[in-house]
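**Student:** my questions concern the predicted model and sequence given below.
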Amino acid sequence: MKYDYRETVEYLLHWYDLNARILEWRSNPKPYYVWISEIMLQQTRVETVKSYFDRFIKELPTIKDLAAVEEDRLMKLWEGLGYYNRARNLKKAAIVVMDQYDGELPANREELKKLPGIGSYTSGAIGSIAFQLPVAAVDGNVLRVMKRIAGSFDDITKEKVKKELEEDIEAIIPKARPGDYNQSLMELGATVCLPNGKPLCDRCPVMHLCNAFHNGDELKIPVKPKKKERAIEEKTVLVMECAGSYAIRKRTERGLLHGLWELPNIEGKLSLNQMEEQIKILAPNAKVERKLGEAKHIFSHKEWHMNGYYIKVERKEDVPLPELIWVDNQTIQKDYSLPTAFEAYRKELF
């Protein structure tokens, strides 16, 4: 039997009015601000996004600025947020908006969904928050909250389940405050109805309506299949320094971290002896100064297990790798985006 969420509306809006975190894109919900914040918030926590959002908007205050920005500069502004295709799609979408919509995001959900990087959830969020359209914005937070309230053991990874919930919400969403209702669900999921560990049910404004709470099923819902184990790749990272400049290169292969700058690296985890042998072949005048230890970086579908070495190079031309450029640390900090995958080793540059 379908659950009727109608009773949640008044309680959630009242709770949201008293408890919503103060955020720039909420205080000033310009369509552009809402769009940028929603893309940044995918896979990223609010506290992390706040400083990135401020910096991004300061440098690219309009859609026109975003459409015109150079890719390397865009990647630098996005550095540390990960999932870099989000930023590339922002620029692609901005170009479309400039060309087809006179530089203004369309106040229409179906038109929004045509833009690169904007799907059902993001179009619903922009539509309801920026344009007050009575449309749902269903993400993982909202699925978790609503399925717990309903006491539903539906598999939330199924598109059919998500679509049905969108329809349920749109049947009851308050036309006077659709954006606030959607944000109340997001906020409850982020701060009370938590994804990991026990939810804070004693703080929940709809605890009395929640079937998962009454049945003791808070930790059993939502239901989703177990993730596949991530593939593991081993790498050796080289911090190569020559007279205060460091070697970096741009990743050219498609896929993971495509188009970003990186520290040079070799497949496999080389021992010190193996590294010294490699350096003799690569650059006879270079010297392995020290081992930098091991590190791990987790992507959504794979893990990098790394070790690293600090290598002193006498002359740049001694390293016959044309893809390398040599840059001092201040310039790297200012202009070149190095992914957080290299965090354990890039700190050696600064």
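**Tutor:** Right, received. Where do you want to start?
**Student:** got the residue ranges for the strands in the stretch 151-300 of the chain?
**Tutor:** 231-242, 245-250, 261-262, 265-267, 287-298 (DSSP state E, counting those that start in this stretch).
**Student:** and of these, who's closest to Lys113?
**Tutor:** strand 287-298 (30.4 Å; Cβ to Cβ). Heads up, the C-betas are built off the backbone N, CA and C, glycines and all.
**Student:** quick one: buried residues of the closest one?
**Tutor:** 288, 292, 295, 297 (16 or more other Cβ atoms under 10 Å).
**Student:** check stretch 206-225 too.
**Tutor:** Buried, per 16+ other Cβ under 10 Å, within stretch 206-225: 206-207, 209-210, 212-213, 217-218, 221-222.
**Student:** if you skip the residues just before and after it, what's nearest to Leu238?
**Tutor:** Among residues not flanking Leu238 along the chain, Pro264 sits closest, at 4.7 Å (Cβ to Cβ, 6 or more residues apart in numbering).
**Student:** pull the number of nearby residues for the one you found.
**Tutor:** 19 (other Cβ atoms under 10 Å).
**Student:** show me what contacts it?
**Tutor:** 237-238, 240, 247-249, 321, 324 (Cβ atoms under 8 Å, 6 or more residues apart in numbering).
**Student:** what are the ranges of the helices in the stretch 201-350 of the chain?
**Tutor:** 211-215, 272-282, 329-335, 343-346 (DSSP state H, counting those that start in this stretch).
**Student:** buried deepest among these, which one?
**Tutor:** helix 343-346 (a mean of 18; mean count of other Cβ atoms under 10 Å).
**Student:** show the average pLDDT along stretch 74-86.
**Tutor:** The average pLDDT within stretch 74-86 is 90.
**Student:** and the host helix or strand of Val145, average pLDDT?
**Tutor:** Element membership of Val145, judged by DSSP states H and E, is helix 140-150. In this model, helix 140-150 has a mean pLDDT of 96.
**Student:** and it, what does it pack against?
**Tutor:** helix 159-172, helix 178-191, helix 211-215 (3 or more Cβ pairs under 8 Å, 6 or more residues apart in numbering; DSSP states H and E).
**Student:** can you rerun that using 6 Å?
**Tutor:** Under the contact criterion of 3 or more Cβ pairs under 6 Å, 6 or more residues apart in numbering; DSSP states H and E, helix 140-150 touches helix 178-191.
**Student:** convert the C-alpha atoms of the helix it packs on to CSV, please.
**Tutor:** The C-alpha trace of helix 178-191 is given here as CSV (Å, rounded to 0.1, in the frame of the first residue of the first chain):
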residue,chain,number,x,y,z
PRO,A,178,8.1,23.7,-3.0
GLY,A,179,11.8,24.6,-2.6
ASP,A,180,11.6,24.8,1.2
TYR,A,181,9.8,21.4,1.4
ASN,A,182,12.5,19.8,-0.8
GLN,A,183,15.2,21.4,1.2
SER,A,184,13.6,20.3,4.5
LEU,A,185,13.9,16.7,3.3
MET,A,186,17.5,17.2,2.2
GLU,A,187,18.3,18.9,5.5
LEU,A,188,16.7,16.2,7.6
GLY,A,189,18.6,13.6,5.8
ALA,A,190,21.9,15.4,6.2
THR,A,191,21.6,16.3,9.9
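**Student:** same question for it, mean pLDDT?
**Tutor:** On average, helix 178-191 scores 97.
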